[in-house]
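Engineer: Okay, predicted coordinates and the sequence, questions at the end:
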4 protein chains.
Amino acid sequence: MNDTLTLTGVVATDPQARTTTSGIPMTSFRLASSQRRFDRAAGRWIDGDTNWYSVTAFRHLGTNAGRSLVKGDRVVVVGRLKIRRWEQAERSGSSVDLEADTIGHDLSWGTSVYSRVRPTSA
Amino acid sequence: MNDTLTLTGVVATDPQARTTTSGIPMTSFRLASSQRRFDRAAGRWIDGDTNWYSVTAFRHLGTNAGRSLVKGDRVVVVGRLKIRRWEQAERSGSSVDLEADTIGHDLSWGTSVYSRVRPTSA
Amino acid sequence: MNDTLTLTGVVATDPQARTTTSGIPMTSFRLASSQRRFDRAAGRWIDGDTNWYSVTAFRHLGTNAGRSLVKGDRVVVVGRLKIRRWEQAERSGSSVDLEADTIGHDLSWGTSVYSRVRPTSA
Amino acid sequence: MNDTLTLTGVVATDPQARTTTSGIPMTSFRLASSQRRFDRAAGRWIDGDTNWYSVTAFRHLGTNAGRSLVKGDRVVVVGRLKIRRWEQAERSGSSVDLEADTIGHDLSWGTSVYSRVRPTSA
């Protein structure tokens, strides 16, 4: 349960596919997730703030995400949140990472053609 | 929050696309969701029980799901749970429906080619 | 992730505390969870349907829930959904159980005085 | 759905109760949430990293949380994540806030005595 988050949003950067030093495939990208909220005064739904996440996917999910995702795609992402404090010289802050458990193209906004991949390695 | 559920599983029946009497496109299918649990005695993850859900998607999501999903596909589904008591002659029980907010092909198990659809109606 | 659900609702039956045959403390009760939904035509939130769950808690959570919960209490429950098909003579249906990972009194509706319990057994 | 998170953790600072300039009661505190993860090599669960959140509760929940929560309490919190970029002189970073929808004392770690509060104002 803890820190597991389901998000929908837009792939906001070109996904970067690479291999970790220990040989594990991974893909990362920035996700922009906008919250819709109900404005009681106005009596209607309005756009809320946008949250930005650094999403990382490993192993099969990393490989397939790298082959499937394009900047601008609408996706649903389930993952575990990692909030890291950092300090560097005069600067400090938090980075917000999401390690993905699963990712899919959001069918609310488009259609997708799916090909199952037979696991061979990794 | 309430009764909103994120699931991964297998599309277990051919998705049925149709139009409601009020003209809204909808698609429905059965979803089989297996839980993995950690067996402390055995010291490893094992397959748990399978939950079965009747998933329904409306409007754009209904249209796109009908065009994209095939029996056997691995998907991620986010939706609101509806548990209904029913009684009929000597029989009674509960049905468990999930009204989908979003659906996507699960990239942990395959790749997908996505096409954004420009909303025109519905 | 899978089948994990966060609910708020009302403890609808007197919680039953007992011990399993293998000596594990457990408490069970029925939970009524009402969904609020936004009625676009009316332009306001209305009460939706009520979902009923059989909630079970084991070990420390089972012991503490049995000592803390009273019928009528407003609670938040996080747990894993178990949907079971049953058939019996001419009857069949599904039961919907929630095995709780955590339970708390909902502070949106009241105040609570908390006592940490030092684990001694179970 | 979007950005809604369920957390369990420890109230890590004395809760601060106050009233907003528009007269709404609110309470805020820091929450430390530790992730447990399964170490495949070691074959057992270990403590993972700790995420820190600034939790804020408004209205009745704010009032009741201020009266009920004490530093050190174990709680379950459901809320919406707000990630804010900030820049100030030479510094920049992200703050991670959680606006609570509900909070409860975690009965996995203790017992609680609950008093329903009849809404009178706010």
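Structural biologist: Yes, it's here. Residues are numbered from 1 along each chain as shown, chains lettered A, B, ... in the order given.
Engineer: can you confirm A:Gly66 is in a helix?
Structural biologist: Yes - assessed with DSSP: H, G, I helix; E, B strand; the rest coil, A:Gly66 lies in a helix.
Engineer: Please, which helix or strand holds the residue lying closest to it once chain neighbours are set aside?
Structural biologist: Nearest residue to A:Gly66 in three dimensions, chain neighbours excluded: A:Ala17, at 3.2 Å (C-beta to C-beta, 6 or more residues apart in numbering or on different chains). (Glycine included, C-beta is placed from N, CA and C.) In this structure, A:Ala17 sits in strand A:16-19 according to DSSP states H and E.
Engineer: Excluding covalently adjacent residues, which one is nearest to the residue in chain A that chain C sits nearest to?
Structural biologist: Scanning chain A for the residue nearest chain C gives A:Gly43, at 4.9 Å (criterion: C-beta to the nearest C-beta). Nearest in space to A:Gly43, with sequence neighbours left out and distances taken as C-beta to C-beta, 6+ apart, is C:Gly43 at 4.9 Å.
Engineer: gap between the one you found and chain D?
Structural biologist: C:Gly43 sits 22 Å away from chain D, going by C-beta to the nearest C-beta, to the nearest Å.
Engineer: Is there a neighbour count for that residue? I'd like the number.
Structural biologist: Residues contacting C:Gly43 under the criterion other C-beta atoms under 10 Å in any protein chain shown number 10.
Engineer: any idea of the pLDDT on it?
Structural biologist: Model confidence at C:Gly43, given as pLDDT, is 71.
Engineer: shouldn't it be in contact with A:Asp39?
Structural biologist: No - C:Gly43 is not in contact with A:Asp39 according to C-beta atoms under 8 Å; the separation is 11.2 Å.
Engineer: The residue of chain A most remote from its centre in helix, strand or coil?
Structural biologist: In chain A, counting by C-alpha atoms, centre = their mean, A:Ala41 sits farthest out from the average C-alpha position, at 32.7 Å. Going by three-state DSSP, the secondary structure assigned to A:Ala41 is coil.
Engineer: From D:Met26, how far out is it?
Structural biologist: Look at A:Ala41 and D:Met26: by C-beta to C-beta, to the nearest Å, they are 19 Å apart.
Engineer: same deal with A:Gly104?
Structural biologist: Counting by C-beta to C-beta, the gap between A:Gly104 and D:Met26 amounts to 37 Å.
Engineer: So A:Trp109 is in contact with B:Arg116, correct?
Structural biologist: Yes - under the criterion of C-beta under 8 Å, A:Trp109 lies in contact with B:Arg116, with a separation of 6.0 Å.
Engineer: Find me the pLDDT at A:Asp49, would you?
Structural biologist: A:Asp49 is assigned 82 on the pLDDT scale.
Engineer: Show the contacting residues for it.
Structural biologist: Taking C-beta atoms under 8 Å, 6 or more residues apart in numbering or on different chains as the definition of contact, the neighbours of A:Asp49 are A:Ser34, A:Gln35, D:Lys82, D:Arg84.
Engineer: which of the residues you listed count as buried?
Structural biologist: The neighbour-count test (16 or more other C-beta atoms under 10 Å in any protein chain shown) marks A:Gln35, D:Lys82 as buried among the contacts of A:Asp49.
Engineer: how far out from the middle of the chain is stretch A:59-68?
Structural biologist: Relative to the mean C-alpha coordinate of its chain, stretch A:59-68 is positioned 12 Å out (C-alpha atoms, centre = their mean, to the nearest Å).
Engineer: Apart from its neighbours in sequence, what residue is nearest A:Arg85?
Structural biologist: A:Ser94 (5.7 Å).
Engineer: Spit out the contact partners of the residue sitting nearest the centre point of chain A.
Structural biologist: The central residue of chain A, meaning the one whose C-alpha is nearest the mean C-alpha position (C-alpha atoms, centre = their mean), is A:Val55 at 4.0 Å. Neighbour list for A:Val55: A:Ser28, A:Phe29, A:Arg30, A:Leu31, A:Val77, A:Gly79, A:Asp97, A:Leu98, A:Ala100, A:Ile103 [criterion: C-beta under 8 Å, 6+ apart].
Engineer: which two from these end up farthest apart in space?
Structural biologist: With distances taken as C-beta to C-beta, the most widely separated pair in the contacts of A:Val55 is A:Asp97 and A:Ile103, at 14.4 Å.
Engineer: From the neighbour counts alone, determine which of these two ranks first.
Structural biologist: More neighbours sit around A:Ile103 than around the other of A:Asp97 and A:Ile103, counting by other C-beta under 10 Å; the figures are 31 against 15.
Engineer: How about the strand or helix carrying that one, which residues are buried there?
Structural biologist: Assigned by DSSP H and E, A:Ile103 falls within strand A:91-105. Buried residues in strand A:91-105, counting neighbours by 16+ other C-beta under 10 Å, are found at A:Gly93, A:Ser94, A:Val96, A:Leu98, A:Ala100, A:Asp101, A:Thr102, A:Ile103, A:Gly104, A:His105.
Engineer: what do you get for stretch A:12-29?
Structural biologist: Neighbour-count burial for stretch A:12-29, counted by 16+ other C-beta under 10 Å, picks out A:Ala12, A:Pro15, A:Ala17, A:Pro25, A:Met26, A:Thr27, A:Ser28, A:Phe29.
Engineer: could these be laid out in TSV, adding distance to D:Lys71?
Structural biologist: Formatted as TSV, the buried residues of stretch A:12-29 follow (distance: C-beta to C-beta, whole Å):
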residue	distance to D:Lys71
A:Ala12	38
A:Pro15	42
A:Ala17	45
A:Pro25	44
A:Met26	39
A:Thr27	41
A:Ser28	37
A:Phe29	39
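Engineer: now, among those residues, which is nearest to D:Asn64?
Structural biologist: Nearest member of those to D:Asn64, counting by C-beta to C-beta, is A:Ala12, at 38.6 Å.
Engineer: Of the contacts of A:Asp49, which belong to helices?
Structural biologist: When those are checked against helices using DSSP state H, none is located there.
Engineer: Now the closest residue in space to A:Gly110 that isn't next to it in sequence. Its backbone dihedrals?
Structural biologist: What sits nearest to A:Gly110 in space, not counting adjacent residues and going by C-beta to C-beta, 6+ apart, is B:Arg116, at 4.3 Å. Dihedral angles phi and psi of B:Arg116 (degrees, to the nearest 10) take the values phi -70, psi 140.
Engineer: now the end-to-end length of stretch A:19-28.
Structural biologist: Distance between the boundary residues of stretch A:19-28 (C-alpha to C-alpha, to the nearest Å) amounts to 11 Å.
Engineer: again, but for stretch A:55-63
Structural biologist: 14 Å.
Engineer: in that stretch, what's buried?
Structural biologist: Counting neighbours by 16+ other C-beta under 10 Å, stretch A:55-63 gives A:Val55, A:Thr56, A:Ala57, A:Phe58, A:His60, A:Leu61, A:Gly62, A:Thr63 as buried.
Engineer: ok, what's across the strand from the closest residue to chain D within chain A?
Structural biologist: In chain A, the residue found nearest to chain D is A:Gly93; the distance is 1.3 Å by C-beta to the nearest C-beta. The residues paired with A:Gly93 through beta bridges, assigned by DSSP bridges, are A:Trp86.
Engineer: residue contacts, the residue of chain A found nearest chain B?
Structural biologist: Across chain A, the shortest distance to chain B (C-beta to the nearest C-beta) belongs to A:Gly104, at 2.1 Å. Each residue near A:Gly104 by C-beta under 8 Å, 6+ apart is listed here: A:Val75, A:Val76, B:Val75, B:Val76, B:Ile103, B:Gly104, B:His105, B:Asp106, B:Leu107, B:Ser112.
Engineer: if we go to 10 Å?
Structural biologist: By C-beta atoms under 10 Å, 6 or more residues apart in numbering or on different chains, the contact set of A:Gly104 is A:8, A:65, A:68, A:75-78, A:112, A:114, B:8, B:74-78, B:102-108, B:112, B:114.
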